[in-house]
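>>> what follows is a predicted protein model with its sequence.
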Amino acid sequence: MSSDTEPSEAGTFGGVPHFFTTIATLVAPTLTGVLVNGYGYSAMFVAPTVAAFGGIPAMVAGKPGRRVKKSVEVKEMNLLTLSRSIREKKMSPVEAVQQTLQRIEKENPVCNAYITVCAEEAMAAAVQAEQEIMAGNNRGPLHGVPVAVKDLIFTKGIRTTMGSKVYERFVPDRDATVVRKLKQAGAIVIGKTNTHEFAYGPIGDRSHFGPTRNPYNPEKITGGSSGGSAAAVAAHLAAAALGTDTGGSIRIPSAACGIVGMKPTFGLVSKAGVFDLAYTLDHVGPMTKTVKDNAVLLNVLAGYDEADPHSLPQVREDYTRFIGEGVRGIVIGVPEVYYRHVDKEVEAAVRRAIDVYRSLGAEVREVEVRGFAALSEAQRITIQAEAYAVHERTVAEHGADLDPEVLERLLASREVPGYRYVQVQHRRKQLTRQFNEVFDDVDALLTPTIPILQTDINQREVAIGAYTEGVRQALLRLTAPTNFTGNPCLSVPCGFSDSGLPIGFQLIGKHGDEARLYQIGHAYEQAVS
């Protein structure tokens with residue numbers, strides 16, 4: 001992949017691109033002037049005439065008109081409630097984008113969720129969405145809704161950095177398939193979110209643009225590598241976001257930031273136009289405030305793509321179709337191996353979630369998952385071998401520009417013997433089939449998403465009772481095996497620690513069973529809301 005495109009130098013503020021001088025100019029009822037992608041000033045922008053929408057300035061030929069009193073705030077809404085407000089003309093797409101940009105200007109310096117804010121592009125897309133909706137052309141539930149995209153996913157004409165100095169000026173000439181699908185559905189890309197450099201880390205505090213910080217406590221990690229996407233959704237800086245998951249990178253930050261994250265079945269969502277970490281482990285998926293939001297977003301993202309060699313031929317389906325059916329008669333498996341060396345507050349919260357399912361009529365069974373240790377080792381060997389294959393040239397030519405910890409991990413990755421990689425790939429179908437035997441008896445597994453509470457930024461060891469473990473190893477321990485098997489996994493919030501940090505549980509299903517996981521996750525969400 002080439003990085004020849006060289007936009008003008010980015011301004012910075014506190015190590016993060018300085019997106020715009022003042023948001024006041026952006027939300028003013030007349031003209032707006034903003035910085036685009038951290039590179040330079042955009043053309044002045046004029047809001048449209050949309051008196052029919054509540055809560056935005058009425059504009060005629062660029063002159064301010066009557067201001068309708070706002071009745072709703074973007075930060076109070078999830079994806080579907082915002083979509084409904086837009087559809088019912090209680091809020092316009094322009095106002096949704098303006099409010100979101102205003103929150104980003106206020107909150108992003110704290111959580112560092114965004115590397116690049118697409119202010120000009122987002123406003124232009126909002127105007128277009130508004131005009132289409134006013135003309136009666138509604139593209140669906142994402143139309144006019146601001147969505148964030150992990151800065152590992154290509155966006156045409158908008159820089160995509162991979163969280164690395166090596167790519168800080170790289171501007172793709174095409175959209176990733178998932179971005180194209182978002183735009184076709186009318187979603188508005190509001191910005192590119194921070195990522196652990198090259199997505200090669202589950203912690204989220206190793207980016208050229210600084211660590212992403214947890215909205216619940218900025219001294220704590222978001223988890224990674226999709227930490228910026230999780231923080232953006234949790235801090236109400238986007239209605240939803242896209243992440244990628246190679247060892248847990250959607251689910252880990254979703255649990256750590258108190259949102260919903262889905263790693264779909266491998267091949268269900270196209271990876272075309274997404275920067276590789278590990279060819280056979282990478283997944284792209286949705287990150288949202290609610291379970292139903294997540295299913296709606298997956299409806300847009302899923303589908304066969306000939307540009308992705310791993311894409312699955314599939315029949316289109318509605319992933320919301322079981323939502324609301326409840327869980328009476330559903331069988332949930334609780335595998336003991338996932339509950340070893342788990343923080344006591346995390347385990348207590350997950351056990352309470354299990355009790356909720358019992359109260360809803362689900363059957364809960366203790367089960368054994370075969371081959372867990374072998375899967376963990378196979379995933380480790382695979383990610384190391386494939387990650388170094390991706391980055392061999394980067395290490396050789398730009399090693400000095402990489403974060404030292406990421407470089408160290410890449411150098412360790414090249415030590416994996418080729419025969420070991422071949423051996424685990426040869427056993428892949430067998431190990432996957434062995435793991436999936438558990439679904440002969442249960443509909444889903446329920447486990448903690450991560451076994452620890454959020455650690456401090458830059459902390460690298462954590463005590464779990466009398467057991468001490470590396471933070472990276474702990475974060476990956478319960479999520480990585482299913483990247484090797486390709487099973488779908490849904491992380492759902494299930495309360496808070498005594499110190500106010502979010503906790504999440506993970507639902508694991510058989511291949512292609514996303515709709516069932518959404519049914520089970522939604523039932524819990526409704527029961528405790």
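Noted; the coordinates are in hand. Residues are numbered from 1 along each chain as shown.
>>> quick one: the helices in the stretch 1-150 of the chain, in order.
Ranges of helices in the stretch 1-150 of the chain, per DSSP state H, counting those that start in this stretch, are 23-27, 79-87, 93-111, 119-134.
>>> need these in TSV with distance to residue 266, mean pLDDT and mean neighbour count, can you?
Using the backbone N, CA and C atoms, a C-beta is placed for each residue, glycine as well. Shown next, in TSV, are the helices of the stretch 1-150 of the chain (distance: least, C-beta to C-beta, whole Å; pLDDT from 0 to 100; neighbours: other C-beta atoms under 10 Å):
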stretch	distance to residue 266	mean pLDDT	mean neighbour count
helix 23-27	40	32	17
helix 79-87	25	97	21
helix 93-111	30	97	23
helix 119-134	31	97	21
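>>> to residue 240, which of those lies closest?
helix 79-87 (4.9 Å; C-beta to C-beta).
>>> output the longest helix belonging to the protein.
Selection of the longest helix in the chain by residue count, based on DSSP state H, yields helix 372-398.
>>> same for that helix, what does it pack against?
Secondary-structure packing of helix 372-398 (3 or more C-beta pairs under 8 Å, 6 or more residues apart in numbering; DSSP states H and E): helix 404-413, helix 418-426, helix 428-436, helix 481-485.
>>> one more time with 6 Å
Applying 3 or more C-beta pairs under 6 Å, 6 or more residues apart in numbering; DSSP states H and E, we find helix 372-398 packed against helix 404-413, helix 418-426, helix 481-485.
>>> where does pLDDT dip in the chain?
1-71 (pLDDT under 70).
>>> dead centre of it: give me the residue that sits there.
Taking C-alpha atoms, centre = their mean, the centroid of the chain lies closest to residue 243, which sits 3.1 Å from it.
>>> excluding its backbone neighbours, what's nearest that residue?
Nearest residue to residue 243, sequence neighbours excluded (C-beta to C-beta, 6 or more residues apart in numbering): residue 226, at 3.1 Å.
>>> cool, and residue 188?
Per C-beta to C-beta, 6+ apart, closest to residue 188 is residue 125, 4.5 Å.
>>> quick one: that neighbour from residue 137, how far?
14 Å (C-beta to C-beta, to the nearest Å).
>>> same thing with residue 211?
Per C-beta to C-beta, residue 211 is found 42 Å from residue 137.
>>> now swap in residue 238 and tell me
24 Å.
>>> so for these two, which residue has more residues nearby?
Higher neighbour count among residue 238 and residue 137: residue 238, with 33 against 11, using other C-beta atoms under 10 Å.
>>> tell me the spacing between the more buried one and residue 232.
With C-beta to C-beta as the criterion, residue 238 and residue 232 are 4 Å apart.
>>> what do these two both touch?
residue 148 (C-beta atoms under 6 Å, 6 or more residues apart in numbering).
>>> can you give me the helices for the stretch 251-400 of the chain?
Counting by DSSP H, counting those that start in this stretch, the stretch 251-400 of the chain has these helices, from start to end: 251-257, 291-301, 344-359, 372-398.
>>> which of those sits closest to residue 93?
Taking the helices of the stretch 251-400 of the chain one by one with C-beta to C-beta, helix 291-301 is closest: 16.7 Å.
>>> now tell me what touches the closest one from outside.
By C-beta under 6 Å, 6+ apart, the list of residues contacting helix 291-301 reads 78-80, 141, 178, 181, 185, 240, 260, 262, 269, 286, 288, 319-320, 323, 518, 521-522, 525.
>>> just the ones of these in strands?
If you go by DSSP state E, the contacts of helix 291-301 have 240, 260, 262, 286, 288 in strands.
>>> for the third one, grab the count of nearby residues.
I take that to be residue 262. Other residues near residue 262 come to 34 when the count uses other C-beta under 10 Å.
>>> for the nearest residue to it once chain neighbours are set aside, give its distance to residue 337.
Of all residues not flanking residue 262 in the chain, residue 285 sits nearest, at 4.7 Å (C-beta to C-beta, 6+ apart). Distance of residue 285 to residue 337, computed by C-beta to C-beta: 24 Å.
>>> these two: who's more crowded?
Ranked by neighbour count (other C-beta under 10 Å), residue 285 and residue 337 place residue 285 first, with 31 against 15.
>>> which strand residues bridge that one?
Counting by DSSP bridges, residue 285 forms beta bridges with residue 243.
>>> hmm, residue 250 and it touching each other?
Yes. Using C-beta atoms under 6 Å, residue 285 is in contact with residue 250, at 5.0 Å.
>>> next, show the common contact partners of the two.
In contact with both residue 285 and residue 250: residue 263, using C-beta under 6 Å, 6+ apart.
>>> hmm, back to that, which of the ones in strands among the contacts of helix 291-301 tops the neighbour count?
Highest neighbour count within the ones in strands among the contacts of helix 291-301: residue 262, with 34 neighbours (other C-beta under 10 Å).
>>> check contacts around that one.
Counting by C-beta under 6 Å, 6+ apart, residue 262 has contacts 285-286, 294, 490.
>>> please convert those residues to TSV, extending it with distance to residue 117.
As requested, the contacts of residue 262 are arranged in TSV below (distance: C-beta to C-beta, whole Å):
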residue	distance to residue 117
285	23
286	21
294	24
490	29
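>>> burial of the closest residue to residue 498 other than its chain neighbours, as a residue count?
Using C-beta to C-beta, 6+ apart and skipping residues adjacent in sequence, the residue nearest residue 498 is residue 345, 6.6 Å away. Other residues near residue 345 come to 17 when the count uses other C-beta under 10 Å.
>>> there's contact between residue 345 and residue 497 in this structure, I believe.
Yes. Counting by C-beta under 6 Å, residue 345 touches residue 497, with 4.7 Å between them.
>>> quick revisit: for the helices of the stretch 1-150 of the chain, which one sits closest to residue 478?
helix 93-111 (24.9 Å).
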